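*Asks:* I would like to see how this sequence folds:
(chains A and B)
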Amino acid sequence: MTPPGEDFYQLSGWTVILLLVLFYGGTLLMSALIGKKKENADGYMTAGNKIGFGVSAASMTATWIWASSMYASATAGYTYGISGPIHYGLWGALMILFIYPFGRRIRKVAPKAHTLAEVMYARHGRSSQLMLAGSNIVGSLISLTSNFIAGGALIALLSPFSFSQGIIVIAAGVLLYTLWSGFRASVLTDFAQVVAMLGAVVVIIPAVFFAAGGPDMFEQGAQNLTPQQSNFFSSDAFLNQGAPYIAAVLAYAIGNQTIAQRLFAVREDLIKRTFVTATVGYGATIIGVGMLGVMALYLGLSPAGGDVNNLIPQMASTYLHPLLIGVFLIMIIGALSSTADSDLAALSSIMMADVYGQNVAGKKKANPKTMLLVGRITMIVATAAALYFASGQMNILDLLVFVGALWGALVFPVIASFYWEKVTNKAFTISVLVALAAFIPVRFEWLPMDGALGIVTDVVAVIGIGVVLGLMCFGFFGLKAAKIIGAVGALAAAPFAIGFLHDYAVLSGSLVAYAVSTLVCYFMCFRSGTSFDFDLIKQRIGDFDQRPETEAAEAATVQAGK
Amino acid sequence: MATFFLTLYVLIWPLIVAATLFAICKGFFKDWREARQEGRTLI
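*Replies:* Model (predicted):
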């Protein structure tokens, strides 16, 4: 799988050591600057719910960008041509924008929450909480493993060090600076990482462009593209890349604890600015990196070893000055570290608040010191587990399909739970499980789809299109507009989609999950006499750590800026 | 003309990234300054 190292320019061992020491040493120093001898358990999970714009925007941007998204955008550019990076990066970016109205509502209903699962516990009960918590534990572990693999593979490609040495250094570096202060360290170091990543993108894209021949490459390499790849409005790119991704990232944005955690941490009046800035930052960065794939296509470059994940390192290695290859290495290390530390912080918060705080000790009996211990042990265990999966090259990434499906099935019930007083725990749980059961045979093409079943699947998927459009619209314009847009969107798509949509199993499976969970949840609730009082959530969720602020202040060993 | 637009298409993203980075850095240092003035930690 890994191409021979001779194909790539290799940085010297000492150069790589110096870069890694500078990067991880710098982040460790930053985290030490805000470290407290006695950390506050709530601060460890949400940093006190009052982070300013600069830190929160940097953190949201850094967390949303991970190494895999850079590789995937370049792959989209190489596979689908000039529109490929747009169909990866733009939709991913817009999803950050689309969820911010929901974020504001969630903060209004549960201003002191630590995890979304905790809010579901307060709203419904244990089963809905455990669905969100469980899916996030698996999801974050997968993400952690994936980031370690990306880091190890890059170090093996661009330096004399091995894959195993690479993953150990990355894991140790991330764990060291995140362990003591948790989420507080994660968000602060995200600033340095975002500067490294975005700064590198500003330099590297133009540098590769001009080193690879500049505008001339578009004239000389035009014959390397198929008509679909040359077309900015390629239907191939939309149906295979864009549309499945729209459905997937909406689920990811709603279900993922790393995003929810930042939502609970930012000052409430800054949610909109933060999300808008992260939308632009993520979109431009990921689409920009995707241009490396487009350039590779025009240049007629074949990915080393046939692995498209090698495209970005290959372009950097071929066209960049050794100094910029070092900058490139830091860009990728920054991307994967910022996401890995967010995953550690998310995992620790779930174990602290949802497992220990709500289910083991109980809200009133939870000991903040034990919570912190649980959080730190979780980080160590998660890092060890991810290292084990990464070192064994275990195909844990396949599980992401199920996590994505579960999040897709959760989108409507979760959103409805914040607005509609009739949603019950029973409807929530059953709708998610039924949607998951409907998703699996469609996604894995277990059943013959060439007859009536294919048509039925398409009809349900078309309803899913309406649900996705309606949900996107609902946050901004309300229920009436959402119903109109959803209905018009589904009706407009029906003539084109029914009869062939089932051929696109990834897209079809996701849409079916959205549609089934929505229909089941709606029909189980609309005649219900239940009327939930949303003010109860505020009463049920609060700080775990009641130690007075002065104690925390006295315990501060070093304060930033003093 | 196509070459011009393709060049613009490739090079516009680093410019947008630079503008975003500027906004984030400006916000970060504003947060830092305010935290110093109020005698509290940044996070």
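
*Asks:* Pull the number of nearby residues for the residue of the stretch 251-400 of chain A found nearest chain B.
*Replies:* Closest residue of the stretch 251-400 of chain A to chain B, C-beta to the nearest C-beta: A:Gly288 (3.2 Å). In short, each C-beta sits where N, CA and C put it, glycine included. Using other C-beta atoms under 10 Å in any protein chain shown, A:Gly288 has 27 other residues around it.

*Asks:* what's the nearest residue to it if we skip its chain neighbours?
*Replies:* Excluding the flanking residues, the one nearest A:Gly288 by C-beta to C-beta, 6 or more residues apart in numbering or on different chains is B:Trp13, at 3.2 Å.

*Asks:* what does A:Leu198 give?
*Replies:* A:Leu198 sits nearest to B:Leu21 (C-beta to C-beta, 6+ apart), 4.3 Å away.

*Asks:* tell me the contacts of that neighbour?
*Replies:* A:194-195, A:198-199, A:202, A:281 (C-beta atoms under 8 Å, 6 or more residues apart in numbering or on different chains).

*Asks:* Kindly reformat the residues you listed as JSON lines containing distance to A:Arg184 and pLDDT.
*Replies:* Below are the contacts of B:Leu21 laid out as JSON lines (distance: C-beta to C-beta, whole Å; pLDDT from 0 to 100):
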{"residue": "A:Val194", "distance to A:Arg184": "16", "pLDDT": "96"}
{"residue": "A:Val195", "distance to A:Arg184": "18", "pLDDT": "95"}
{"residue": "A:Leu198", "distance to A:Arg184": "22", "pLDDT": "97"}
{"residue": "A:Gly199", "distance to A:Arg184": "24", "pLDDT": "96"}
{"residue": "A:Val202", "distance to A:Arg184": "28", "pLDDT": "97"}
{"residue": "A:Gly281", "distance to A:Arg184": "22", "pLDDT": "97"}
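
*Asks:* surely the residue nearest to A:Gly288 meets A:Ile287?
*Replies:* Yes: applying C-beta atoms under 8 Å, one finds B:Trp13 in contact with A:Ile287, separated by 5.3 Å.

*Asks:* The two: who's more crowded?
*Replies:* Comparing B:Trp13 with A:Ile287 by neighbour count (other C-beta under 10 Å), the higher total belongs to A:Ile287, at 28 against 24.

*Asks:* Grab the nearest non-local neighbour of the more buried one.
*Replies:* A:Gly89 (3.7 Å).

*Asks:* and if you look at A:Val374?
*Replies:* A:Val374's closest residue in space is A:Tyr356 (C-beta to C-beta, 6+ apart), at 4.7 Å.

*Asks:* ok, now A:Ile455?
*Replies:* Excluding the flanking residues, the one nearest A:Ile455 by C-beta to C-beta, 6+ apart is A:Ile498, at 6.4 Å.

*Asks:* Report the contact partners of that neighbour.
*Replies:* Contacts of A:Ile498 (C-beta under 8 Å, 6+ apart): A:455, A:458-459, A:462.

*Asks:* Return the residues in contact with residue 24.
*Replies:* Since you didn't name a chain, this refers to chain A. By C-beta under 8 Å, 6+ apart, the residues touching A:Tyr24 are A:169, A:173-174, A:176-177, A:337.

*Asks:* that's the wrong chain, I meant chain B
*Replies:* Neighbours of B:Ile24 in contact, by C-beta under 8 Å, 6+ apart: A:54, A:57-58, A:61, A:191, A:194-195, A:198, A:277, A:281.
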